[in-house]
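Peer 1: Here is a sequence with its predicted model. Questions after.
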Amino acid sequence: SFSGGWRMRIALALALFIQPDVLLLDEPTNHLDLHAVIWLEEYLINWQNTLIVVSHAREFLNEVCTDTLHLHDLKIVRYKNCNYDEFEQVRVTALENQEKAHANQEKERSRVQKFIDANRSKANSASMAQSRIKALEKMTLVSAVTKDSELAFAFPKAETIRGPLIQLIDVSFGYTVPPAKVPERILFSDVNLSIDADSRVALVGPNGIGKSTLIKTILGDHEPTTGIIQLNNKLRVGRFSQHHMDQLDMQLTPLEMLKKVADGNVPISALRSHLGGMGLSGGLALQPIYTMSGGQKSRVSFAMITWQKPHVMLLDEPTNHLDLETVAALIQV
C-alpha cells in the first residue's frame, strides 16, 4: 500500500540497519524525493565500509563515489579517483588518444605491408621482408574505438484536437476507511487545472504526498471526493506508472506484447519499426522481457503506451532505470 518512495526507504532501512561490510545498492535513488536523496548522499559520503552502487543519477554519483568501474565491450575498466564527471573527462581523453594511436598504427602497418609485398619475392631483400613479417606478427594491436550506440526515441504524433484536453474543477480526494463515510486523510483539495495540447506540467512534492494518486484520479482509477474531472471525448491518454513493470508479461517478448495491443492486421514490419523507435531493434524485440534490464523494460512500456498515439502522456517517474544517454534522448522527444 506504500508509494514507490516509501518502499525504497524501507528497502534502504533494511540494508543500512545491519551495518554491512559491503553495501551493494542497485539504483537506490529511484522513487526518492529530493530531500531523501540528499539525506542518502550525506549518509553514504561518511560510510566507512565498501560501497558499490549502480546508478544513473549523475549528481548522486559525483557526490558519493570515489572510483568508477565502466562496463563496456565485455570488459570492466577501473577509473581510480574519478567520480562520474571526472570519469567522463578521462574517458574522452583516453578515447581520443586510442583513436590517434590506432590510426598511426594502421598507417605504419600499411607502410610495412607495402614493403613486404614489394620485396618478399626479391632475392636480395627477401630476408628483410621476412623480418618485417615477423615484426607485424609480434605487434600489439591498438583496437579501434568502439563507440556507444546512440538512442533517439521516436514517438508517433497524434492528430490535433480542439479545446482543453483535461480539466479539473475544485477537485479533492481523500481515502475513506470503512465504516467511516468521511475521508480520514485528504491528500489534495480545491485543485483547478486545465491541460491543453501544448502543456508541459511538472508534478512535484515529497514522497507520499499524493502525486501518483492525483494522476490515478485524473484517469478514473479513483473517484474524486469532491469536484469534477472532464476529459475531452476524443482524448487518448498514454500512462506510464512508477510500477510499470508490474503491467508487463515477463514471459513474452516486446513484439508479442505489442501484438496484444495492436490491431491483428498490423504487419510485423510496422510493429518492429515502432519498437525500433524505442531502442528495441534487432534481437531485443524477440528477447523475453524477464531477461531485460530495467531500462529496457521501461522502453517496452513506452512502446506500449505510444502505440495508440496518445494526445496526453502522464508519466509517473519515467526516468527510473533509464541510463543517462536514454534520459537525454527522452528529453529531446
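Peer 2: Sure thing, it's come through.

Peer 1: burial measure for Lys114, as a count.
Peer 2: 10 (other C-beta atoms under 10 Å). C-beta: built from backbone N, CA, C; applies to glycine.

Peer 1: er, Ala101 actually
Peer 2: 13.

Peer 1: The closest residue to it other than its chain neighbours: neighbour count?
Peer 2: Spatial nearest neighbour of Ala101, excluding adjacent residues (C-beta to C-beta, 6 or more residues apart in numbering): Val142 at 4.6 Å. A count of nearby residues for Val142, using other C-beta under 10 Å, gives 16.

Peer 1: I'd guessed Val142 sits against Ala103; true?
Peer 2: No: using C-beta atoms under 8 Å, Val142 is not in contact with Ala103; the gap is 9.0 Å.

Peer 1: how much space between Leu34 and Gln251?
Peer 2: In this view, Leu34 and Gln251 are 37 Å apart by C-beta to C-beta, to the nearest Å.

Peer 1: If you count surrounding residues, which of the two has more?
Peer 2: More neighbours surround Leu34 than the other of Leu34 and Gln251, with 12 against 9 (other C-beta under 10 Å).

Peer 1: Tell me which stretches of the stretch 201-333 of the chain form strands.
Peer 2: With DSSP state E, counting those that start in this stretch applied, the stretch 201-333 of the chain shows strands at 226-231, 237-240, 312-315, listed in chain order.

Peer 1: partner strands of the longest one, parallel or antiparallel?
Peer 2: To tie it back to what came earlier, the one meant is strand 226-231. strand 166-175 (antiparallel) (DSSP bridges).

Peer 1: returning to what we had before: ok now do the residue nearest to Ala101, which residues does it touch?
Peer 2: Residues in contact with Val142 (C-beta atoms under 8 Å, 6 or more residues apart in numbering) are Gln98, Ala101, His102, Gln105.

Peer 1: Compile the strands of the stretch 201-333 of the chain into a markdown table and extend it with columns for mean neighbour count and distance to Val201.
Peer 2: Converted to a markdown table, these look like this (neighbours: other C-beta atoms under 10 Å; distance: least, C-beta to C-beta, whole Å):
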| stretch | mean neighbour count | distance to Val201 |
| --- | --- | --- |
| strand 226-231 | 14 | 15 |
| strand 237-240 | 20 | 14 |
| strand 312-315 | 19 | 9 |
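
Peer 1: Could you dump the ones you listed into TSV and include mean pLDDT?
Peer 2: Below are the strands of the stretch 201-333 of the chain laid out as TSV (pLDDT from 0 to 100):
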stretch	mean pLDDT
strand 226-231	94
strand 237-240	90
strand 312-315	90
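
Peer 1: so what does the lengthiest helix in the chain touch, helix or strand wise?
Peer 2: Scanning the chain for the helix with the most residues, using DSSP state H, yields helix 84-119. Here helix 84-119 touches helix 58-64, strand 68-72, strand 75-79, helix 126-138, going by 3 or more C-beta pairs under 8 Å, 6 or more residues apart in numbering; DSSP states H and E.

Peer 1: Show me what the longest one is in contact with.
Peer 2: If I follow you right, that is helix 126-138. Arg109, Val112, Gln113, Phe115, Ile116, Asn119, Arg120, Lys122.

Peer 1: quick one, what contacts the closest residue to Ala57 other than its chain neighbours?
Peer 2: Spatial nearest neighbour of Ala57, excluding adjacent residues (C-beta to C-beta, 6+ apart): Thr29 at 4.7 Å. Applying C-beta under 8 Å, 6+ apart, we find Thr29 in contact with Val37, Leu40, Ser55, Ala57, Phe60.

Peer 1: Pull up the gap between the nearest residue to Gly294 once chain neighbours are set aside and Phe302, please.
Peer 2: Nearest non-adjacent residue to Gly294, counting by C-beta to C-beta, 6+ apart: His321, 3.2 Å away. Per C-beta to C-beta, His321 is found 12 Å from Phe302.

Peer 1: Val112 now?
Peer 2: Applying C-beta to C-beta, the value for Val112 to Phe302 is 51 Å.
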